[in-house]
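J.: Sharing a model prediction with you, sequence too.
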Amino acid sequence: DGQAGKYVYDFTEGNKGMKGLLGGKGANLAEMTNLGLPVPPGFTITTEACKVYLASGSEPATLRREVSAHLATLEETMGKKLGQSDDPLLVSVRSGAKFSMPGMMDTVLNVGLSDDSVAGLAQQAGDERFAWDSYRRLIQMFGTTVLGVDGELFEDALDEAKRGRGATTDVELGTADLKKLVKAFKKIVSREAGRDFPQDPREQMDLAIRSVFESWNTDRARLYRRQERIPGDLGTAVNIVAMVFGNLGPDSGTGVAFTRDPASGHQGVYGDYLQNAQGEDVVAGIRNTVPLADLETLDKASYDRLLEIMEILENHYLDLCDIEFTIERGTLWMLQTRVGKRTAGAAFRIATQLVDQGLIDEAEALRRVSGAQLAQLMFPRFDDGAKRDLLGRGIAASPGAAVGKAVFDSYTAIKWSRSGEKVILVRRETNPDDLEGMIAAEGILTSRGGKTSHAAVVARGMGKTCVCGAEELEVDTKKRRLTAGSRVVEEGDVISIDGSTGRVYLDEVPVVPSPVVEYFEGRMHAGAEEAGELVESVHRMMAYADRRRRLRVRANADNTEDALRARRFGAQGIGLCRTEHMFLGERRELVERLILADTDEERDAALGQLLPLQKADFVELFEAMDGLPVTVRLLDPPLHEFLPDITELSVRVALAESRKDANENDLRLLQAVHKLHEQNPMLGLRGVRLGLVIPGLFAMQVRAIAEAAAARREAKGDPRAEVMIPLVGTVQELEIVRDEAERVIADVERATGTELKLSLGTMIELPRAALTAGQIAEAAEFFSFGTNDLTQTVWGFSRDDVEASFFTAYLEKGIFGVSPFETIDRDGVGALVRSAAEAGRATRPDLKLGICGEHGGDPESVHFFHEAGLDYVSCSPFRIPVARLEAGRAAV
Ligand code: ADP
Ligand code: MG
Ligand code: MG
């Protein structure tokens, strides 16, 4: 968006659309300049120049000449030269990247002052103290940011000067004190930086520019970018701005303002003001600021002008803006503006307020909010007013507020939760064996591992509160206790964990439910008195999204409770009903019998007992989802998951044998476990392969579905069942299963005299299936992309292994910005989804296409599935509103 080979733009040459090139700060300074607002003149060095510098270690060859030309223009406008002895032009050298990275990079004020020009500045301003104050600020900022001197050394010297004076704030220091301080500061620089503070103003400026470039790559900037998912190669721009002075006495000052309250969204006067100060003082909290409203009495003219400008900015940016300004002896200057950050709740409220004001339309309102914000609004929170006792902090891994008794192993978690206790599972770290315990717990707390640890990833997937990596806490699972410094939490003691902040508290902190969830659950209605503004705006935004989205949203659910909640949350069907969950608990024994069966009779007997149980499950589910499609997946996981653990069983049998009372069944079981043991169960006997080698298993499941559908028909219901075959790699597998299923269905139709209209389809979750999707579509009426397994098989990752072992390293090295299990990998897995969808539709134009991996509830992935032309996404019931909103956002 700029001219080739041009590295410097005057503020009059840019606009707010040029953030990539000029950075947010530069683009908006240009925009305000061109709006005729009072911005001190200046120019911007582009991010392109920064990229050249970072790649080659030196500035572009033409940069110096260009900067000189723009500086000359600036000097002409201001009528004085940079650092000129009798009347110095001073500038600030400010970083500013495309995306705001608050406080992450460098800025130096008062560049151009020296031993020589400080007297000129004093004379021009008629204020010696001011000049020396500005000079000491320059040496301090330049020393720390450009020359890398430890900032505390300056702070200590400043404190000492204040102490010597009996002063508490820097304004109480006089000219003589400041002169002495400058001397001390210069000494610190010479000693610590191994060079004197540069007296040549242009050298000051050039060094400051270079240090801003370099500040792009400091550790904290890199860390911040990784967390915020900001690309690492954008570079920062550098803004050179003529200084205006807020430290010229009581009729001067500096402040920040918001055009609306960033917490509530309400219009009004929000901000802070600090008299007789330079900008960085406000942020640093050195002295107490006064509320912006007080400016009205301090300087009515500037206050009125500021309010006028705030209105101009809102009407121009059509959004909440935040502002930095400075008043120099009664003249107001604008130093920065940008569309301001806001809380999730304010984002929703502001979007609908702006629609009501006629400033933006509904589509634009949708662009102003995000699914992540909605998700945030759906978590219960700890009551703000309640008192709390902090034990320690960890990483906010999965949001929410959970309270329960501390337990230190999964077994206890399950046992206690069965007897009605609420528990928090506390582990050093979790592994797949903890899964059931994690399900049983209210929340999970670990002392090891980061945002991609097993605990974090699994908890996020389940929507369960999790704080991980709380390293200040010592977890001793053997002694069943947690220590935080001198305090000890024993098993059974109550703790509270906040997955949105990472904080861990002793005892119970009261939790308040999210009003947004109350609304989705139908326990609170939009328009009702208690609903409040937030619920109103969520209600309206959901309607905007539903009117525009093309993607349908279904739920992953396998029981009535989840199905009914999904419906309340707006699900348009079930996209994935996992049948393996119906084989657990007491039914596990029947499955064992099926696996152990030696003869057809034994097997048929076991299947015969499972059939009515499965059928009853489906009848209930079809009733809950009456009139909406329900995709039932036939059995998928490896059989050993239904059998006892191999080690445990071996020990039991060995012990029994030593006592000579081994029982027949255990021996057979052990044999079966050995036979079914696999090195890589994920790639072993599972999915459609089970259906092909265990006679009658899939037929039983299809029969249960068909009979359940027939029963619902009989009851005048409207069942819309879809039978889904997992883990197909080739069309031949599907054809065999399909033939058998069709026979069973025809059989049930004959027996019941009803036409069932069941549709049969498959999951696409293996690369070979995706690559031969054209053939597979011959035998499938629908595809559902199983993006969890597809991600595993495309990357060659075993999820349970890699997330715990090396994902942290991968994320840190920037190999991916986010786990491919969280957000779909567009270039790899996504490319396969696209081509398979195309090939499938080429074979069968009315092929229905959906996705049922966890990506179905991930905002960014929803946008991808929209673009790829799928018909629906399916996700966990709780994510449905998020998916609806994002599907709407994808369509505008
Ligand atoms: P950040 O991006 O960390 O906010 P800024 O570049 O905005 O850093 O500058 C830090 C502070 O210095 C801000 O309060 C800003 O308003 C102030 N400031 C920057 N340039 C000038 C200037 N030319 N005159 C007066 N104050 C300035
Ligand atoms: Mg700023
Ligand atoms: Mg799968």
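T.: It's in. What you see is a predicted model; the values in this text were computed from it and never measured. Numbers count the residues shown, from 1 in each chain. Ligands and ions are numbered 1, 2, ... in the order given.

J.: For residue 690, see how far away residue 682 is.
T.: Going from residue 682 to residue 690 by C-beta to C-beta, to the nearest Å gives 14 Å. Yep, even glycine has a C-beta here, placed from its N, CA and C like the rest.

J.: In the stretch 751-892 of the chain, which residue sits nearest ligand 1?
T.: residue 817 (23.4 Å; C-beta to the nearest ligand atom).

J.: Could you point out which residue ranges in this structure have low pLDDT?
T.: The chain contains residues with pLDDT under 70 at 1, 227-228, 282-286, 432, 451-452, 457, 461, 804, 808, 812.

J.: Tell me the residues on it that lie near ligand 1, please.
T.: Contacts of the chain with ligand 1, taken as C-beta under 6 Å from any ligand atom, map to 40, 92, 94, 103, 107, 109, 241-244, 278-280, 324, 326, 335-336.

J.: In helices, which of those residues appear?
T.: 279-280 (DSSP state H).

J.: Which residue lies nearest the spatial centre of the chain?
T.: residue 372 (6.5 Å; C-alpha atoms, centre = their mean).

J.: Quick check: that residue is in a helix.
T.: Yes - judged by DSSP: H, G, I helix; E, B strand; the rest coil, residue 372 forms part of a helix.

J.: give me every residue that touches the residue in the stretch 201-350 of the chain positioned nearest to ligand 1.
T.: Relative to ligand 1, the nearest point of the stretch 201-350 of the chain is residue 279 (2.3 Å; C-beta to the nearest ligand atom). Taking C-beta atoms under 8 Å, 6 or more residues apart in numbering, we find residue 279 in contact with 109, 246, 254, 324, 326, 335.

J.: Tell me the spacing between it and residue 680.
T.: For residue 279 relative to residue 680 (C-beta to C-beta), the value is 60 Å.

J.: cool, residue 181 as well?
T.: 69 Å.

J.: Looking at the two, which one has more neighbours?
T.: residue 181 (24 against 8; other C-beta atoms under 10 Å).

J.: Secondary structure element for the more buried one, which one?
T.: helix 175-193 (DSSP states H and E).

J.: Need the contact partners of the helix or strand that that helix is followed by.
T.: Per DSSP H and E, the first helix or strand lying C-terminal to helix 175-193 is helix 201-215. The contact list for helix 201-215 (C-beta under 8 Å, 6+ apart) reads 45, 49-50, 53-54, 59, 64, 67, 71, 82-83, 88, 91, 93-95, 104-108, 111-114, 117, 138, 142, 145-146, 198, 221, 235-236, 238, 240.

J.: Filter these down to the buried ones.
T.: 45, 49-50, 53, 59, 67, 71, 82-83, 88, 91, 93-95, 104-108, 111-114, 117, 138, 142, 145-146, 198, 221, 235-236, 238, 240 (16 or more other C-beta atoms under 10 Å).

J.: Take those residues and keep only those in helices.
T.: Using DSSP H, the buried ones among the contacts of helix 201-215 in helices are 49-50, 53, 67, 71, 117, 138, 221.

J.: Would you mind putting the residues you listed into TSV with distance to residue 14 alongside?
T.: Shown next, in TSV, are these (distance: C-beta to C-beta, whole Å):
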residue	distance to residue 14
49	14
50	16
53	20
67	16
71	17
117	30
138	27
221	23
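
J.: and the residues you listed, which two are the farthest apart?
T.: Using C-beta to C-beta, these span at most 32.0 Å, a distance reached by 117 and 221.

J.: quick check, stretch 635-645 touching ligand 3?
T.: No - against ligand 3, stretch 635-645 shows no contacts by C-beta under 5 Å from the ion, the least distance being 6.0 Å.

J.: what about that stretch, distance to the chain center?
T.: 34 Å (C-alpha atoms, centre = their mean, to the nearest Å).

J.: which of the residues in that stretch are buried?
T.: 635-640, 642-644.

J.: try stretch 555-568
T.: For stretch 555-568, by 16+ other C-beta under 10 Å, it's 555-558, 562-563, 565-567.

J.: Show the contacting residues for residue 195.
T.: Counted by C-beta under 8 Å, 6+ apart, residue 195 has contacts 147, 189.

J.: separation between residue 420 and ligand 3?
T.: Using C-beta to the ion, to the nearest Å, residue 420 is found at 34 Å from ligand 3.

J.: where exactly do the helices run in the stretch 601-750 of the chain?
T.: 646-658, 664-676, 688-693, 697-714, 731-752 (DSSP state H, counting those that start in this stretch).

J.: any idea which of those helices is most buried?
T.: helix 697-714 (a mean of 23; mean count of other C-beta atoms under 10 Å).

J.: so how far is that one off the chain centroid?
T.: Worked out by C-alpha atoms, centre = their mean, helix 697-714 lies 42 Å from the chain centre.

J.: And the helices in the stretch 751-892 of the chain, which stretches?
T.: For the stretch 751-892 of the chain, the helices defined by DSSP H, counting those that start in this stretch cover 767-771, 773-776, 787-795, 799-805, 807-812, 831-843, 859-867, 880-890.

J.: And for the stretch 251-400 of the chain?
T.: Using DSSP H, counting those that start in this stretch, helices in the stretch 251-400 of the chain cover 279-284, 295-298, 300-317, 344-356, 362-367, 371-378.

J.: Just give the nearest non-adjacent residue to residue 427, would you?
T.: residue 446 (5.3 Å; C-beta to C-beta, 6 or more residues apart in numbering).

J.: Repeat that for residue 553.
T.: Residue 553's closest residue in space is residue 883 (C-beta to C-beta, 6+ apart), at 4.7 Å.

J.: show me the contacts for that neighbour.
T.: 371, 551, 553, 856-857, 862, 873, 875 are the contacts of residue 883 under C-beta under 8 Å, 6+ apart.

J.: same deal with residue 821?
T.: 457, 788, 791, 799, 803, 854.

J.: and with 10 Å instead?
T.: 452, 457, 460-461, 787-788, 791-792, 795, 797, 799, 802-803, 807, 853-855, 858 (C-beta atoms under 10 Å, 6 or more residues apart in numbering).

J.: Next: residue 330.
T.: So residue 330 contacts 248, 251-252, 299, 301-302 (C-beta under 10 Å, 6+ apart).

J.: can you do 8 Å?
T.: Per C-beta under 8 Å, 6+ apart, neighbours of residue 330: 251-252, 299, 301-302.
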